[in-house]
Every structure is written in C-alpha cells, then in structure tokens.
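1. have a look at this fold, sequence not included:
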C-alpha cells in the first residue's frame with residue numbers, strides 16, 4: 001500500500017491524498033461503508049459502486065469468524081470473492097467487540113476470551129490468531145487487536161489498557177511480519193492509538209504507534225461516550241505526533257459534522273454504521289439538514305427526497321412516497337434510506353476533497369457545519 005498527499009489546505013491540517021492498494025485506488029479523505037457480516041445492510045454491491053461511489057468497504061473479524069466462518073471464506077478464496085466486491089476492503093480486528101460485548105468476554109494477557117452472541121460458544125482472540133483470521137478473510141488493510149476503553153474510563157484503567165494494547169501490538173506485528181498473505185495480493189497492517197481522553201496517554205500511545213513505522217495508523221477509542229469536544233482535542237493531540245506522510249484512520253466516527261471536524265484536524269479515513277443504521281430508522285442526512293422521514297409533514301410532500309442529492313434514489317422517489325414506505329414498514333424504505341445516506345456521506349468527503357484542493361476548505365466547512373445541524 002502506498003499513500004501520496006496531493007493537496008493541503010492553507011488554513012488547517014486538512015489534506016487530500018491517494019491510497020493505492022492491489023484492489024484499487026482510494027481518494028482521501030474517504031468514508032468507508034460498514035459491511036460487518038460481508039454485507040452493507042440493505043445495499044447491493046452494484047449500488048455501492050455505481051450510486052454511492054464507495055471506494056473501500058469494511059468487514060468485521062469477530063462477526064466473519066463466527067459466521068460464515070474462516071473455512072468457508074478460505075474455500076471461497078477470501079472475502080472479495082465471497083461477497084463479490086472487487087475494490088479495497090478493511091477489516092476491524094474485533095477489538096471494538098472487546099468493548100461492546102464486555103459482558104460476554106474476559107481479558108487477560110494472552111488475549112480476550114468471549115462467548116459467541118450467536119450460540120454461546122467460547123472462543124479466544126489473541127494478537128496472533130487475529131492476524132491469521134484477517135489473513136484468511138483477505139482484507140487489503142487489517143487492524144491490530146486492541147482493547148477499546150469506554151470514554152468514561154478512569155486514568156489508571158486507561159493506562160493499563162493502553163499498555164496491554166501496546167504489548168498486543170508488538171505480538172501482532174511480529175506475527176504479521178512472519179506470515180504471508182493467503183491470496184495473490186498484499187495486505188497492510190495498521191496499529192491503533194489508544195489512551196482514552198487523557199492527553200499524556202494519547203501522546204505516549206501515538207509515539208509508540210508512530211515508532212512502529214507501518215504504512216498507516218489508526219486512532220481508536222473515540223466516540224465511545226466521551227464529550228464531542230474531548231474527542232476533537234484527542235484527535236489534535238494524536239495528529240501532532242502521527243507521521244503526516246501516512247494515512248490516519250479515525251475509527252467508528254461518526255456524524256457528518258464529525259467527519260468535517262476530523263478532516264480539518266488531519267484525518268484521512270472514517271467509518272461508521274450511522275448512515276445505514278439511522279437510515280433504517282428513518283433519519284436522512286442531507287446537505288440542507290436532517291430529515292425524519294416518519295414525520296407527518298412529509299405526508300403530502302411530493303418533491304424529490306433530496307433535490308441536491310447525487311444518488312438515483314434522491315430524484316426517483318418523493319418524500320411522501322418514502323414516508324409511506326416507512327409508515328407501512330416496507331423493506332424498500334430501508335434500502336432507499338441507506339443508499340441515500342451513504343451517497344450523501346461519500347458526496348460530503350468528495351466535496352471536502354475539492355475544497356482542500358481549491359484552498360477554501362475552512363470557509364466551506366464552516367458553512368456546511370451550520371447547514372448540517374438543521375432539523376428540516
């Protein structure tokens with residue numbers, strides 16, 4: 001994997017670049033739709049590519065390991081062949097599940113023991129076997145196994161957790177460097193900065209991660225309960241240290257406003273379930289603000305879903321029709337809303353890229369933040 005910075009904004013740390021993988025080029029800043037179980041919920045791969053214009057999608061190690069299972073993925077020739085997506089893929093290591101499924105797991109130096117949310121069976125994830133699992137899945141970018149602490153963790157717990165993540169990273173990197181890809185293309189390993197909301201821990205972690213000299217780096221453990229302004233502060237602290245010549249991936253973040261604030265602070269890559277999850281619940285993000293499609297006000301509004309939208313669904317269907325589908329609990333509502341929201345997120349990062357290149361990102365961003373916060 002290679003990364004090239006093509007433009008920088010004169011008034012902020014925003015930058016536009018190009019990541020090149022064996023499965024294609026990714027223009028940054030980029031948003032990555034989340035395909036947890038080998039599927040971006042309610043969206044066809046054709047729509048991802050042609051309508052949403054996604055350049056890279058995610059898979060989740062924990063979920064894919066449990067179902068369909070590594071044997072099935074290997075027999076298929078990897079996740080790309082299994083799900084029919086021929087572009088780049090990134091896999092989370094399962095570290096977030098260490099956080100989100102805390103009632104069903106136990107942490108120790110060796111790794112994390114957890115019980116499957118499917119059948120209750122017991123499994124052990126270690127820094128080494130998580131690399132092996134991601135080798136079998138075959139993602140272009142694979143993530144280190146880490147512990148994601150809640151945003152409310154106290155200092156001592158956050159410090160202990162960060163140190164465990166660093167020890168796991170050393171083991172994971174060693175195993176990665178001693179193994180080879182299972183398929184006919186290369187894979188890249190991203191370490192993850194932790195440290196909760198404590199600046200000194202974040203600096204310590206960022207310095208440790210930077211010292212590993214990998215092709216890219218990630219920022220984890222944010223948008224997990226801490227105040228939004230604290231999240232932005234931690235991004236600034238970390239990005240002062242992470243090397244500028246390598247892509248920075250902010251994991252699990254977030255709202256359209258979060259994306260623009262992250263880009264301004266030097267982040268290149270984002271992912272979040274919000275556009276699809278909120279879309280399935282009737283919340284649409286647009287360039288003019290947020291719409292709740294279940295509201296009575298849209299009942300007789302026959303204008304396009306979003307007259308400024310870039311996806312075919314924005315112009316093919318009216319607000320009244322989409323509201324009817326939601327009220328009637330029709331599955332098509334979930335598909336239309338998911339396509340719209342993902343297309344909007346990808347439009348937003350493309351626009352950010354254009355304005356970085358034009359040198360007016362900061363002024364454009366201020367105007368967009370104000371509009372994105374409106375309730376329509």
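-> Thanks, I have the structure now. In this text, all values refer to a predicted model and were calculated from it rather than measured experimentally.

2. I'd say residue 179 and residue 131 touch.
-> Yes. Applying Cβ atoms under 8 Å as the test, residue 179 and residue 131 come out as touching, 6.7 Å apart. No exception for glycine: its C-beta is placed from N, CA and C like everyone else's.

3. neighbour-wise, which of those two wins?
-> Counted by other Cβ atoms under 10 Å, residue 179 and residue 131 do not tie: residue 131 has more neighbours, with 27 against 13.

4. which outside residues touch the helix or strand containing the more buried one?
-> Following DSSP states H and E, one finds residue 131 within helix 127-137. Contact with helix 127-137 is made by 59, 61, 64-65, 70, 73-74, 78-79, 91, 93-94, 111, 142-145, 168-169, 171-172, 175-176, 179, 181-182, 187, 189, as judged by Cβ atoms under 8 Å, 6 or more residues apart in numbering.

5. now the buried members of those residues.
-> The neighbour count (16 or more other Cβ atoms under 10 Å) marks 59, 61, 64-65, 70, 73-74, 78-79, 91, 93-94, 111, 142-145, 168-169, 171-172, 175-176, 182, 187, 189 as buried among the contacts of helix 127-137.

6. show me those residues that map onto strands.
-> Cross-referencing the buried ones among the contacts of helix 127-137 against strands under DSSP state E gives 59, 91, 142, 143, 189.

7. what sits against the third one?
-> Going by Cβ under 8 Å, 6+ apart, residue 142 touches 90, 91, 93, 131, 134, 135, 176, 187, 188, 189, 190.

8. now for residue 60, how many residues are close by?
-> 20.

9. any idea how far it lies from residue 302?
-> Residue 60 sits at a distance of 39 Å from residue 302 (criterion: Cβ to Cβ, to the nearest Å).

10. also residue 165?
-> As judged by Cβ to Cβ, residue 165 and residue 302 stand 53 Å apart.

11. of these two, who's got more company?
-> Ranked by neighbour count (other Cβ under 10 Å), residue 165 and residue 302 place residue 165 first, with 29 against 9.

12. skip the chain neighbours and tell me the closest residue to that one.
-> Excluding its sequence neighbours, the residue lying closest to residue 165 (Cβ to Cβ, 6 or more residues apart in numbering) is residue 146, at 4.2 Å.

13. I'd guessed the one you found sits against residue 220; true?
-> Yes. Counting by Cβ under 8 Å, residue 146 touches residue 220, with 6.0 Å between them.

14. overlap of the contact sets of these two?
-> Residues touching both residue 146 and residue 220 (Cβ under 8 Å, 6+ apart) are 95, 192, 194.

15. that older thread, give me the neighbour count for the residue nearest to residue 165.
-> Using other Cβ under 10 Å: residue 146 sits among 31 other residues.

16. residues in contact with it?
-> Counting by Cβ under 8 Å, 6+ apart, residue 146 makes contact with 93, 95, 98, 165, 168, 169, 192, 194, 220.

17. by mean pLDDT, point me to the weakest helix or strand of the chain.
-> For the chain, using mean pLDDT, DSSP states H and E, the weakest element among its helices and strands is helix 95-100, scoring a mean of 68.

18. next structured bit after that one?
-> Defined by DSSP H and E, the subsequent element after helix 95-100 is strand 105-107.

19. which outside residues touch stretch 310-325?
-> In contact with stretch 310-325 (Cβ under 8 Å, 6+ apart) are residues 51-53, 291, 293-295, 298-309, 332-333, 336-337, 339-340, 343-344, 347.

20. nope, stretch 163-179 is what I was after
-> With contact meaning Cβ under 8 Å, 6+ apart, stretch 163-179 is reached by 107, 109, 111, 126-128, 130-132, 135, 142, 144-147, 189, 191-192, 194, 205, 208-209, 212, 214.
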